[in-house]
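>>> Pasted the sequence and its predicted model underneath.
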Amino acid sequence: MKGRILTETQIAAFAVYLKSEEKSENTIEKYMRDVRAFCAYVGEAEMTKETVIAYKNKLLSENYAARSVNSVLASINSLLSFLGWADLKVKSIKLQRQIYCPEEKELTKAEYIRLVNTAKQKGNERLNLLIQTICGTGIRVSELQHITVEAVKCNEAVVSLKGKTRSVFIVRELQKKLLRYAAEQKISSGAIFITRSGKPMSRTNIWREMKSLCVEAGVNPQKVFPHNLRHLFARTFYGIEKDIAKLADILGHSSINTTRIYIITTGNEHRQRMENMRLII
């Protein structure tokens with residue numbers, strides 16, 4: 001088939017399409033990053049299915065994790081569908097459902113407490129409260145801008161993302177801490193977690209500040225990033241409620257299968273449960 005050559009105009013149009021689909025800024029950024037890397041690989045050559053398969057194999061040969069490869073392929077397949085080249089789409093890699101989370105990747109409640117206390121000891125009250133807010137509400141880091149003075153006063157932040165709206169509840173103790181902080185910082189309205197210039201904190205700034213706590217807190221840096229706080233919230237909630245449908249609603253998930261990933265326990269917990277079965281006589 002002739003004429004299937006990727007152009008900058010097509011890529012730009014794809015970005016506009018993603019915005020019209022109300023994808024989040026982070027999702028659009030991720031899709032475009034994947035697509036541009038793919039375009040750099042293809043160059044000015046004519047696009048064929050073999051080209052896409054070869055790129056898939058290239059990623060695998062470079063030891064990308066299967067989930068990462070599938071994530072990239074999802075971006076490329078989305079582009080191909082947009083261009084009307086659906087016949088060039090390739091299949092994702094089949095993955096066995098993970099039954100437990102590697103212990104070295106899971107943030108424990110004790111480690112979370114050490115991070116909070118370390119931020120407090122360093123005099124970084126903003127980071128201290130930011131960590132508690134994510135872990136205490138299950139909110140996404142990209143949604144923190146919705147934690148406003150007005151929302152905190154109402155004990156509820158209304159979050160709109162990807163065409164969906166949900167309420168994020170703020171417990172009373174967190175409400176008191178956030179309102180006290182806002183008053184001390186003279187923040188009378190709008191987002192509470194802001195930079196010196198008054199802009200909402202970026203994901204990069206938050207990630208960098210959290211990493212700065214690791215050594216003093218004695219926590220493995222590989223465990224310390226905002227999304228792991230959301231996972232800790234999910235596991236803690238599920239441990240009490242055992243209601244995955246309700247948890248999916250709280251986290252803003254469209255599919256319960258996504259929520260299942262959040263409540264996977266560590267291999268140690270999995271092993272201990274097997275020990276407690278006492279089936280070896």
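Cool, the structure landed. Residues are numbered from 1 along each chain as shown.
>>> starting at the chain centroid, how far to stretch 62-78?
For stretch 62-78, the separation from the chain centroid amounts to 16 Å (computed by C-alpha atoms, centre = their mean, to the nearest Å).
>>> what's the answer for stretch 205-213, then?
In terms of C-alpha atoms, centre = their mean, the centre of stretch 205-213 is set 16 Å apart from its chain centre.
>>> now do stretch 81-88
28 Å.
>>> same question for that stretch, mean pLDDT?
Summarised as a single mean, pLDDT over stretch 81-88 is 94.
>>> Next: stretch 198-206.
Averaging the model's pLDDT scores along stretch 198-206 yields 91.
>>> Export only the CA atoms of it, formatted as PDB.
The C-alpha trace of stretch 198-206 is given here as PDB (Å, rounded to 0.1, in the frame of the first residue of the first chain):
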ATOM      1  CA  GLY A 198       1.700  30.600  43.200                       C
ATOM      2  CA  LYS A 199       1.400  27.800  40.500                       C
ATOM      3  CA  PRO A 200       0.300  24.300  41.400                       C
ATOM      4  CA  MET A 201       3.300  22.000  42.100                       C
ATOM      5  CA  SER A 202       4.300  19.800  39.100                       C
ATOM      6  CA  ARG A 203       4.700  16.100  39.100                       C
ATOM      7  CA  THR A 204       8.400  16.500  38.600                       C
ATOM      8  CA  ASN A 205       8.800  18.800  41.600                       C
ATOM      9  CA  ILE A 206       6.800  16.500  43.800                       C
END
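>>> residues making contact with that stretch?
The list of residues contacting stretch 198-206 from outside it, by C-beta atoms under 8 Å, 6 or more residues apart in numbering, reads 26, 130, 141-142, 144-145, 191, 193-195, 226. C-beta: built from backbone N, CA, C; applies to glycine.
>>> Tell me how far residue 190 lies from residue 200.
In this structure, residue 190 and residue 200 are separated by 9 Å, where distance is defined by C-beta to C-beta, to the nearest Å.
>>> Distance-wise, check residue 27 relative to residue 71.
Distance of residue 27 to residue 71, computed by C-beta to C-beta: 11 Å.
>>> what are the ranges of the helices in the protein?
When secondary structure is read from DSSP state H, the chain shows helices at 8-20, 25-42, 49-61, 66-83, 109-121, 125-137, 149-153, 172-184, 203-211, 214-217, 226-241, 244-251, 256-262, 267-277.
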